[in-house]
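Colleague: Let's see this in three dimensions:
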Amino acid sequence: MPKGLPTAILGRTGLEVTRLAYGAGHRKPMDDAQRETILNAVLDAGINLIDTAISYGNSEELIGRYISHRRDEFYVATKGHEWERDALLRGLDTSLGRLKLDYVDVFQLHGPSVDECEADGLVDAMLEMRRQGKARWIGVSTNLPHLPTFLEWGVFDVFQLPYSALERDHEGWITRSAEAGAGILIRGGVALGEPGVGKGDPSQWRRFEEAGLDELREPGESRTAFVLRFTLSHPHAHANLVGTTNPAHVKENVEAMLRGPLSSDVHAEAVRRLEGKKI
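Modeller: Numbering: from 1, shown residues only. Now for the predicted structure:
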């Protein structure tokens, strides 16, 4: 597969990450051979950031089993889902054991509310992880209405946020967060892919058709590729987490990224149409 993917600096972490990253969550069981194939295909494609979580089935374990020996080729971000300090600390140790690593590059809280995050010193626990060297940087996977408060705290190095052409609620907040120095990981950057090809929600993807975005696609370009390039067009969407179990989809995503962002004219027209201003 081609390399030379576009990169960005992940905020104040200073990590140079490929703007196409790999979301390693999987909802259905995968056999070892299948997982070995896809994880190595991701690295062979030049993708250098993999995002997982302790709650993603055996995702961490399979990463450890099949690509931990290629550690110098990728950064790893994982997430914890415990809202009690000691449990969160134990969870990171469990993740490190599964991943066969001494540290992760980014450790994130996985979707807490502000109240949950404040309840038992979770931020202090994460700062302790960083002091111990078990997590180089800390972050939170979140959304509105919690993001403004988390941003105001000024302690998170990375925010993982939902965004795509079909889900633009966080568009301005992505910029505000990046301008405050945070690295931005995007989840849902292809809206889970066009229904029938990916796992996208038909009701969400109906917006694509209603906005007439098919008229803006390049010849031979899939709807999923167009949405990925729309996401890439946001200058502060540092890394777009796209998950798949199909190496052919990895190839298609890489090719879309190599075509680069939408042109300014096409992007502006797509925004006009999505906002119901089609002329």
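Colleague: Could I get the pLDDT score of Leu192?
Modeller: On pLDDT, Leu192 comes in at 77.
Colleague: The closest residue to it other than its chain neighbours: which element?
Modeller: Among residues not flanking Leu192 along the chain, Gly200 sits closest, at 4.1 Å (CB to CB, 6 or more residues apart in numbering). Just so you know, the C-beta spots here come from the backbone N, C-alpha and C atoms, and that holds for glycine as well. Per DSSP states H and E: Gly200 is located in neither a helix nor a strand.
Colleague: And the pLDDT at Gly200?
Modeller: So, for Gly200, pLDDT stands at 82.
Colleague: Show me the beta-bridge partners of the residue nearest the centre of the chain.
Modeller: Central residue of the chain (CA atoms, centre = their mean): Leu241, 2.9 Å from the mean position. Partner residues in beta bridges with Leu241, using DSSP bridges, are Ala21, Arg187.
Colleague: where along the stretch 51-200 of the chain do the helices fall?
Modeller: 59-67, 85-99, 114-119, 122-132, 147-153, 171-179 (DSSP state H, counting those that start in this stretch).
Colleague: Look up how far Phe156 lies from Asp169.
Modeller: 19 Å (CB to CB, to the nearest Å).
Colleague: List the residue ranges of the stretch 101-250 of the chain that fall below the pLDDT cut-off.
Modeller: Across the stretch 101-250 of the chain, nothing is flagged by pLDDT under 70.
Colleague: circling back to that earlier point, quick check, the residue nearest to Leu192 in contact with Glu194.
Modeller: Yes - counting by CB atoms under 8 Å, Gly200 does reach Glu194; the two are 5.8 Å apart.
Colleague: Same drill for these two, tell me which one is more crowded.
Modeller: Neighbours per residue, other CB atoms under 10 Å: of Gly200 and Glu194, the larger number sits with Gly200, 22 against 19.
Colleague: how about that one, what does it touch?
Modeller: Val190, Ala191, Leu192, Gly193, Glu194 (CB atoms under 8 Å, 6 or more residues apart in numbering).
Colleague: List the residues that contact the closest residue to Thr149 other than its chain neighbours.
Modeller: Nearest residue to Thr149 in three dimensions, chain neighbours excluded: Val114, at 4.8 Å (CB to CB, 6+ apart). Each residue near Val114 by CB under 8 Å, 6+ apart is listed here: His146, Thr149, Phe150.
Colleague: Now the buried members of the residues you listed.
Modeller: Listed as buried from the contacts of Val114 are His146, Phe150; burial here means 16 or more other CB atoms under 10 Å.
Colleague: May I see the contacts of Val114 organised as a markdown table, with distance to Val17 added?
Modeller: Formatted as a markdown table, the contacts of Val114 follow (distance: CB to CB, whole Å):
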| residue | distance to Val17 |
| --- | --- |
| His146 | 24 |
| Thr149 | 26 |
| Phe150 | 21 |
